[in-house]
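>>> Only the shape, not the letters, is given here:
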Ligand SMILES: Cc1cc2nc3c(=O)[nH]c(=O)nc-3n(C[C@H](O)[C@H](O)[C@H](O)COP(=O)(O)OP(=O)(O)OC[C@H]3O[C@@H](n4cnc5c(N)ncnc54)[C@H](O)[C@@H]3O)c2cc1C
Ligand SMILES: NC(=O)c1ccc[n+]([C@@H]2O[C@H](COP(=O)([O-])OP(=O)(O)OC[C@H]3O[C@@H](n4cnc5c(N)ncnc54)[C@H](O)[C@@H]3O)[C@@H](O)[C@H]2O)c1
Ligand SMILES: O=C1O[C@H]([C@@H](O)CO)C(O)=C1O
């Protein structure tokens, strides 16, 4: 048993660098620049409320997608064994969250994905890190024991079971939580589902098994993926959302129309420009209908709400929350305003260097890359700024027997005018071209792997493109060739 005497961890980092970081003197206060060394050590005394056996050199709070990839990088550097602790709210090790609205929702006879099949890092072709993997690599994982309090001065965390953990370096990877409809309008009725973790997905699967009429609220990623999944279960499915078309944050109206038509061919109904007034329960207490603001009533025995997500910043607000995009503000090395504390994944508000703005990105590619970049920074002398190229994708109607699979990717920034080519024949491409004629963003449905591989090159180098040539393209292949040829002439990088 360790004594309560003061203890020092000798080396947290091999980095000799002295870093420059914006230090904020509290929420909302002005930024100032200070210098500090990432080399941190701390001593624990009984007076500080610490106990030797509660000391942890590196702590990751949150056991989600980013945490799994961060753990892998710790292992790659030989810095995990006995040094790394993951404090998780969930009962299972990190997994590839995207699967929850894809393979997880396949009908029972179509081989649905289940854990341990999709633990990180299989989604990017890596090793499947099961609970045994964490044990074998000497990584302590505290399951179902979320951090409920944080004290930056004493470098301590308190978990819901009452554990006090003292950390040397801390990585916040608490992700997002689903936005909810208020309880007073029926947002918590049995049969009303939100989907963020495996427990949510299990609950939805059990409802789908006995459902007849599905109402999906929200026309974003979750709405589109869950509605497509419901088609696989042959369920009467309606999507309702306030905007004029689906995927309003990314799709153009024309692109959205094409996808809506394909969903309609699969039997999905759309109610656009509509908001929910309340959800009502039947005599069994389960949801039975939704009343829209215009007074119309939609019957439904299962409701799936996908109305966006919010970054989970508590209990770390004091570390510094970005007032515009929410989330914990970090610099291009994922360092927060507090020395030794980092944030990654959905919860991090980071400098999106390419477009010179602070952003949060709620997609798995960034979760994976930010985790790797952050841990490299922490463990090595790396000082390379994170230079992220936004990448979003979706895959639906993948289950065996579906009439066609949808598989799109988008890279870059959806700003400027657009040129759209193709009509699910089987491909579609959309190019976003800014006022300076540079190609800013590119979207492709059902490309070959070679075609998909071209997209990041285009979006990264932002070549000058001839819009009229793209408009005259006779096929998606032709348009991609025109874009490819512009790489040689007018690329930025
Ligand atoms: C259903 C669904 C499907 C998705 N599909 C795609 C997709 O197809 N493509 C794509 O690019 N992106 C997709 N995403 C987004 C992607 O999953 C996220 O960007 C990614 O999971 C972010 O990783 P993260 O580690 O930051 O957060 P998360 O993976 O959400 O992990 C955060 C973890 O922290 C835990 N936590 C929170 N608070 C605490 C606390 N106080 N103490 C301890 N633990 C805590 C949470 O329980 C969770 O386990 C999807 C998201 C969802 C919900
Ligand atoms: N393929 C992917 O990348 C993927 C797939 C699933 C989930 N996710 C992630 O999961 C999170 C949640 O996804 P999401 O689809 O809920 O968010 P989203 O932001 O993609 O879509 C939210 C939708 O709900 C609508 N909406 C907002 N408020 C509403 C209200 N009060 N009533 C009805 N509709 C309302 C929005 O207008 C929008 O259409 C996001 O972080 C998302 O990136 C990503
Ligand atoms: O990135 C992803 O990871 C999972 C899955 O591939 C893991 O098996 C999934 O469905 C993705 O879209």
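Alright, I've got the coordinates. The structure displayed is predicted, hence computed values, not measured ones. Numbers count the residues shown, from 1 in each chain. Ligands and ions are numbered 1, 2, ... in the order given.
>>> from here on, contacts and neighbour counts on C-alpha atoms
OK.
>>> mind checking the SS state of whatever residue of the stretch 101-250 of the chain ends up closest to ligand 3?
At 3.5 Å from ligand 3, residue 123 is the closest residue in the stretch 101-250 of the chain, using Cα to the nearest ligand atom. Classification of residue 123 by DSSP: H, G, I helix; E, B strand; the rest coil places it in helix.
>>> Need the per-residue pLDDT for it.
At residue 123, the model reports a pLDDT of 98.
>>> I'd like to know how many residues surround it.
Look at residue 123: counted by other Cα atoms under 10 Å, it has 19 neighbours.
>>> That one touches residue 97, doesn't it?
No. At 9.3 Å, residue 123 does not count as touching residue 97 under the criterion of Cα atoms under 8 Å.
>>> circling back to that earlier point, for the closest residue in space to the residue of the stretch 101-250 of the chain closest to ligand 3 that isn't next to it in sequence, what are its contacts?
Closest residue in space to residue 123, ignoring its immediate chain neighbours: residue 96 at 6.2 Å, by Cα to Cα, 6 or more residues apart in numbering. By Cα atoms under 8 Å, 6 or more residues apart in numbering, the contact set of residue 96 is 64-65, 118-123.
>>> Tell me the confidence at residue 96?
We have a pLDDT of 98 for residue 96.
>>> separation between the residue of the stretch 101-250 of the chain closest to ligand 3 and residue 86?
As judged by Cα to Cα, to the nearest Å, residue 123 and residue 86 stand 20 Å apart.
>>> What is the neighbour count of the residue in the stretch 351-493 of the chain that ligand 3 sits nearest to?
Ranked by Cα to the nearest ligand atom, the top residue of the stretch 351-493 of the chain for proximity to ligand 3 is residue 364, at 6.6 Å. A count of nearby residues for residue 364, using other Cα under 10 Å, gives 21.
>>> ok, it to ligand 1 distance?
Applying Cα to the nearest ligand atom, to the nearest Å, the value for residue 364 to ligand 1 is 4 Å.
>>> contacting residues around that residue?
Going by Cα under 8 Å, 6+ apart, the list of residues near residue 364 reads 65-66, 97-98, 345.
>>> Kindly report the same for residue 255.
Residues near residue 255 by Cα under 8 Å, 6+ apart: 420, 430.
>>> How is this protein partitioned into domains?
55-177+311-380, 183-307, 405-490 (the TED database).
>>> hang on, residue 303 in a helix?
No. Residue 303: not assigned to a helix; according to three-state DSSP it is strand.
>>> hang on, it packs against residue 193?
Yes. Judged on Cα under 8 Å, residue 303 makes contact with residue 193 at a distance of 6.0 Å.
>>> who has more neighbours, the two?
Taking neighbours as other Cα under 10 Å, residue 303 and residue 193 compare with residue 303 leading, 30 against 21.
>>> what sits against the more buried one?
Residues 191-193, 214-217, 287 are the ones in contact with residue 303 under the rule Cα under 8 Å, 6+ apart.
>>> just checking: which of those residues also lie near ligand 2?
residue 217 (Cα under 6 Å from any ligand atom).
>>> Mind giving me the packing neighbours of the helix or strand harbouring residue 477?
Using DSSP states H and E, residue 477 falls within helix 476-490. For helix 476-490, the elements it packs on are helix 449-461, helix 467-471, judged by 3 or more Cα pairs under 8 Å, 6 or more residues apart in numbering; DSSP states H and E.
>>> I'd like to know which of those helices is closest to ligand 1.
Among these, helix 449-461 comes nearest to ligand 1, with 14.7 Å by Cα to the nearest ligand atom.
>>> List the buried residues in that closest one.
452, 455-461 (16 or more other Cα atoms under 10 Å).
>>> centre of the chain versus that helix, how much separation?
22 Å (Cα atoms, centre = their mean, to the nearest Å).
>>> Counting by contacts, list what that helix packs against.
Helix 449-461 sits against strand 406-412, strand 439-445, helix 476-490, with contacts defined as 3+ Cα pairs under 8 Å, 6+ apart.
>>> I'd like these as TSV, with mean neighbour count appended.
Output for the helices and strands packed on helix 449-461, formatted as TSV (neighbours: other Cα atoms under 10 Å):
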stretch	mean neighbour count
strand 406-412	21
strand 439-445	27
helix 476-490	18
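>>> Any idea which of the ones you listed has the lowest pLDDT on average?
helix 476-490 (a mean of 91).
>>> Which residues of the stretch 51-200 of the chain lie near ligand 1?
For the stretch 51-200 of the chain, the residues in contact with ligand 1 (Cα under 6 Å from any ligand atom) are 61-67, 87-90, 97-98, 100-101, 146-148, 173-176, 195-196.
>>> Can you name the residues of the stretch 201-350 of the chain that neighbour ligand 2?
Counting by Cα under 6 Å from any ligand atom, the residues of the stretch 201-350 of the chain close to ligand 2 are 217-223, 241-243, 247, 275-276, 306-309.
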